[in-house]
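**Q** I'll drop the sequence and a predicted model, then ask my questions.
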Amino acid sequence: MLIAKLRFAGRRLLLAAPTLLVIVVLNFGLLQLAPGDAADVLAGEAGAATPEYMVQLRQKFGLDRPVYVQLAKYVGNIATFDLGYSFRHGQPVAQLILARLGPTLLLMVTVLLLAVGMGVLMGALAARHLNRWQDSMISLFAVLTYATPVFWAGLMLIVLFSVKLGWFPTSGMEAVAEFHTGWARIADIAHHLVLPAVTLTLFYLALYTRLMRASMIEQSTMDYVTTARAKGLNERQVLLRHLLRNACLPVLTMAGVQAGALLGGAVVVETVFAWPGLGLLAYDSLFSRDLNLLLGIFFVSACLVVVVNLAVDMLYALFDPRIELR
Amino acid sequence: MMEFLRRFARNRPALVGVAVLVAVAALALLAPAFYPRSPFEMIGKPFEPPLASTLLGTDQLGRDVTAGVVHGARVTLLIGLVATFIAILLGVTLGGIAGYFGGWVDTLLMRLTEIFQTIPFFLFAILLVAVLTPTVGSVVFAIAVVSWPPMARLVRGEFLSMRNREFVLACVSMGMGHWRIILRHILPNSLSAIIVTGSLMVATAILIESGLSFLGLTDPNVMSWGFIIGSGRTVLRTAWWVIAMPGIAILLTVMAINLVGEGLNDALNPRLKHL
């Protein structure tokens, strides 16, 4: 069983290779589009690099050679996880990104769990009380949050909960100056996590709620539900053991599809709350015109999405044992 | 047509959406009449709260927030509509070709669509605008490039299901050319689905635009809602009203478009109503 799963994961990762290749080619195309030659861009444009390094860069990327040779070299570099060097930060890009991966993952996983969990709950609730006030309230809530720009929701939550009420910190991931350790540190991070996570959850929650509601309504007309009722199960058992599990599947699929969008939302939310993840790094690199760093973040994010999609597929089999991992 | 209008009119949320959209569109069209001066012009003291000297107060530079919101409606709507139009053209073309011709063309195009759906689209849009330097054109281009995949998938599905129906086979046996069949016979039959998805795409386009301009990726010479929020962010503590109003404008517009889109869906595909 475990071996089958590992083989499945391996094959899926192999299938993802063309996706990643296309992204690398896209990156290369963007480098070509940018003003100046690739060496200028890679060095951070404003001449922060030494002339010696520029010569070395031009040689390394074969800028005196035809475009397809340049492309091959570029792909080769990425394949060995050599994403270049950021002069603005004085660190290799790969190292910079690695350091910021943790906070983004923490935010993403929290939001994914919250949004899917609450979305399933609220969608099921709305479907149980179809066309009654509970349903209307939940639908109204979903319509409103689905139309709210994420960054604006974040700023408004800051005004209310940080500036006026003072319940939560406005920015950052932890109070660095207080040198918390152990549990105190975890509590501190959790405290900082509340507002960013809620902001991002609100938007995706709407999506999953609506999907779950529709899925519940559709599933409740199925024969297996009638069978379950006929064999004498009460409504509660029908709901918990049969309906819920089946109705969850489309939501799970959507959660996988949305992983990329979630990362995009993270850029905005991290910017609003100064959450030290990939998104904030992307925002900073925008302003320092560090295009190569931005390209690196884009590439790593795409890799992350591929991994999340894989994880969702594995979860799928857990919910529905009929699905074989092949 | 009458039947469609009657069904649409019975949907109260959709009517509310239409009313809001008409109001926003009127605001956008009449902006130069209400506020003939540039929204970038300073008209008074900075940080005046709403209703003090102007309706919605002034920002940190003494610019009128009302004028900004009104002029922003023009920019935001225009970018949303044009970007969606280009995305629809792209999506319908690629999806149509994939669905009609099938075979390796289909496999290739759908693989490409999948890849575009996997990549973090907002980051890609950021990259495109950053590389092409922020102008109205590059923002429109970036939004269009990241929003066509759902349309391509939808149109492909529609075309695929119609490809072997009798009326299409009849056209083929009459010796009609591919393009004539596609444009005159299959496309009109998928139009209702395209309209519904397209209208919802406008809402997403506006959200992407506001996100980009919030991050500063916008034409510095035009006032859009996201830009006002982005520039008012630094004075959040002292002047919340600078960002509150443009945000509500985005919320209302996007919500109205979503409501209208769903109303259209219910009215055009009555069988799906119970979902």
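**A** Here it is on my side, so go on.
**Q** what's the mean pLDDT across stretch A:243-255?
**A** For stretch A:243-255, the mean pLDDT works out to 81.
**Q** point out where the stretch 51-200 of chain A drops to low pLDDT.
**A** By pLDDT under 70, the weakly predicted segments of the stretch 51-200 of chain A are A:60-65, A:87, A:175-179.
**Q** can you pull the residues of it lying near chain B?
**A** Residues of the stretch 51-200 of chain A found near chain B (CB under 8 Å from any CB of the partner chain) are A:143-144, A:146-152, A:155-156, A:158-159, A:163. Yep, even glycine has a C-beta here, placed from its N, CA and C like the rest.
**Q** can you pull the contacts of residue A:295?
**A** Contact analysis of residue A:295 by CB atoms under 8 Å, 6 or more residues apart in numbering or on different chains lists A:27, A:30, A:31, A:83, B:127.
**Q** of those residues, which one scores lowest on pLDDT?
**A** For the contacts of residue A:295, the weakest pLDDT value sits at residue A:83, with 74.
**Q** can you give me phi and psi for that one?
**A** Main-chain dihedrals, residue A:83, degrees, to the nearest 10: phi -100, psi 10.
**Q** so it is in contact with residue A:294, correct?
**A** No: applying CB atoms under 8 Å as the test, residue A:83 and residue A:294 come out as separate, 10.9 Å apart.
**Q** more neighbours: which of these two?
**A** Between residue A:83 and residue A:294, counted using other CB atoms under 10 Å in any protein chain shown, the more crowded position is residue A:294 (25 against 22).
**Q** show the pLDDT at the more buried one.
**A** On the pLDDT scale, residue A:294 is placed at 84.
**Q** pull the contacting residues for the closest residue in space to it that isn't next to it in sequence.
**A** Once flanking residues are discounted, residue A:294 sits nearest to residue A:285: 4.7 Å by CB to CB, 6 or more residues apart in numbering or on different chains. With contact taken as CB under 8 Å, 6+ apart, residue A:285 is in contact with A:86, A:88, A:291, A:293, A:294, A:297.
**Q** element containing residue A:285, please.
**A** Secondary structure assignment for residue A:285, by DSSP states H and E: helix A:278-287.
**Q** so which bits of the stretch 201-326 of chain A are right by chain B?
**A** A:214, A:217-218, A:257, A:260-261, A:263-265, A:267-268, A:271-272, A:282-283, A:286-287, A:291, A:294-295, A:297-298, A:301-302, A:305-306, A:309.
**Q** these, buried ones only, as a ChimeraX selection?
**A** Per 16 or more other CB atoms under 10 Å in any protein chain shown, the buried members of these correspond to this ChimeraX selection:
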select /A:214,217,260,261,263,264,265,267,268,271,272,282,283,286,291,294,295,297,298,301,302,305,306,309
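**Q** packing partners of the strand or helix carrying residue A:200?
**A** Here residue A:200 is covered by helix A:182-219, with elements defined by DSSP H and E. Under the contact definition 3 or more CB pairs under 8 Å, 6 or more residues apart in numbering or on different chains; DSSP states H and E, helix A:182-219 sits against helix A:93-128, helix A:133-147, helix A:150-157, helix A:244-257, helix A:259-273.
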